[in-house]
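*Asks:* Next comes the sequence, and after it the predicted model I'd like to discuss.
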Amino acid sequence: MCEREVNTLLRGRGQFGRWGRGLVLAPLLATACSVAANLSSSEILGEVDRIVRVEPGTESPQITYAPRAAVSQFYMRWPITYPFRWLFGAVFGRDHEVELGNPAEHVRELLRELPDETGDDLIAGAAGVSRCGWIAEFDHHEQSRIVAVDGLAQLAQQLGLEVFTGPFDQFGLPADAARITPARAVLQTGRPDGRDARTWHEAARQSYAEALAAISERPLADRVERLQLVEDLTALAQAETDVLLRAAVAAALRRSMRHQLEGTFRDVLRDRRSGGVDLRLTVMEQVRRLAGGKAASLLLALMVATPDQLARGEPRFESDALIQLRLIHYCGQLRGEPLHTGVKLPGQKDWDVTTPAEFLVTTILNEQAYYSKLRTPALAALSWSLGRARIDPDPTWVRQWNDERRP
């Protein structure tokens, strides 16, 4: 219950006075001003679906927000009425239609709460992944995309998805259309709601399991299709009645969610438009959490300029100081073999592979001025990684060390 709703309850009760009203408001405002407070995952998902619309666009889908929508009543969210919320909902209605002053912020509050409500439930978590995925991919609000990215990472951790863990020799390679088309046909004819018990035998079951594996083995090339596959497999997992197939469809759903998250994060990191620095910083932090010790090398591989970017005259790595400082920070946390190990992604040449040590050295030697924003942090990072007792601001030692370690 927020102040507006409390004011309604207290209207006409002047005997409370200013101090009495404050005593009532203080605990209520502290515990239940979020539009998502005490809502279940299904209630949050339903509210998101009533507000967020995915509409066709000229080049990609467009995310729009309904200015008016049905949202939960305050007694469905207020802790004091929580024990009786179902009774109140049945008698007075669980939601009501209102004008939303800022529908995008309303949805952000819902998405912030969603992972806590889904927990490790596969179906609810997959539904959350698809909602966060659409916004992370196609929304024009940067803050909404940041919230969705955080939600995707939290959901992945709760569901135990093995994202950004390697091996990376086939990372991001798209699925073969020659395998996807027949797999789609098998899944369509074998859907749980359309099976004929008279023809559903072991061979059909095996064919269905193989189709699940084929359609989720590699990521689909199109962003929309990746999200739609997560939604389709979520529906199949929820409807599956064959106990022998539940594990197969759950595994396919997990793979499709992993591909969707990795693809979204990769696309964000490679988009160097200046307006998305905060978004890219958020993705970088989430990749570090998900990838662990390989994160710095993986980020360098994901963020190195593509051939098209190099052809346009863009630098090898993004020149934004905040992005550079974050990479320096991650590389400077490594010692030993991880410091000297790079990641090579499919399609990249040997010269595309940059180790954390090489990134720090290049940053130090390319920054010419002593007042550079990057040289001193990179010197400090490399000094710590190499176990040096002191930080020498003269980069001569870096050049000498780099020359000595080369074969």
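*Replies:* Arrived safely.
*Asks:* got the residue ranges for the strands in the stretch 301-407 of the chain?
*Replies:* Under the criterion DSSP state E, counting those that start in this stretch, the stretch 301-407 of the chain carries no strands.
*Asks:* One more: the chain?
*Replies:* Assigned by DSSP state E, the chain shows strands spanning 52-55, 62-65, 68-72, 95-99.
*Asks:* Least reliable of those strands by average pLDDT, please.
*Replies:* Mean pLDDT is lowest for strand 95-99 among those, at a mean of 84.
*Asks:* And the longest helix seen in the chain, what does it pack against?
*Replies:* Counting residues, the longest helix found in the chain (DSSP state H) is helix 243-270. Using 3 or more CB pairs under 8 Å, 6 or more residues apart in numbering; DSSP states H and E, the elements in contact with helix 243-270 are helix 122-138, helix 142-159, helix 202-217, helix 223-239, helix 277-291, helix 295-303. In short, each C-beta sits where N, CA and C put it, glycine included.
*Asks:* so residue 255 touches residue 215, yeah?
*Replies:* No: using CB atoms under 8 Å as the test, residue 255 is too far from residue 215 to be in contact (9.2 Å).
*Asks:* So those two - more neighbours on which side?
*Replies:* Using other CB atoms under 10 Å as the criterion, residue 255 and residue 215 rank with residue 215 on top: 24 against 21.
*Asks:* Flag every buried residue along stretch 245-257.
*Replies:* 245, 248, 249, 250, 251, 252, 253, 254, 255, 256, 257 (16 or more other CB atoms under 10 Å).
*Asks:* can you check stretch 386-402 too?
*Replies:* 395, 397, 398, 402.
*Asks:* mind checking the end-to-end distance for that stretch?
*Replies:* By CA to CA, to the nearest Å, the extent of stretch 386-402 from end to end equals 12 Å.
*Asks:* How about stretch 195-205?
*Replies:* End-to-end distance of stretch 195-205 (CA to CA): 11 Å.
*Asks:* Run the chain-centre distance for that stretch.
*Replies:* 38 Å (CA atoms, centre = their mean, to the nearest Å).
*Asks:* Make 22 the first number, not 1, from now on.
*Replies:* That works, and once the first residue is 22, the last one we named lands at stretch 216-226.
*Asks:* how much does the longest helix of the chain deviate in direction from helix 298-312?
*Replies:* 140 degrees (axes from the mean of the first three to the mean of the last three CA atoms, to 10 degrees).
*Asks:* Pipe the helices and strands packed on helix 264-291 into CSV and attach distance to residue 125 and mean pLDDT per row.
*Replies:* Shown next, in CSV, are these (distance: least, CB to CB, whole Å; pLDDT from 0 to 100):
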stretch, distance to residue 125, mean pLDDT
helix 143-159, 9, 97
helix 163-180, 6, 97
helix 223-238, 32, 95
helix 244-260, 19, 97
helix 298-312, 15, 96
helix 316-324, 28, 96
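*Asks:* Which one of those lies nearest to residue 217?
*Replies:* Minimum separation from residue 217 across those (CB to CB) falls at helix 223-238, 9.4 Å.
*Asks:* for that closest one, packing partners?
*Replies:* Helices and strands touching helix 223-238, by 3+ CB pairs under 8 Å, 6+ apart, are helix 198-210, helix 244-260, helix 264-291.
*Asks:* what's in contact with that helix?
*Replies:* 196, 200-201, 203-205, 207-208, 211, 250, 254, 263, 265-266, 269-270, 272-274, 276-277, 280 (CB atoms under 8 Å, 6 or more residues apart in numbering).
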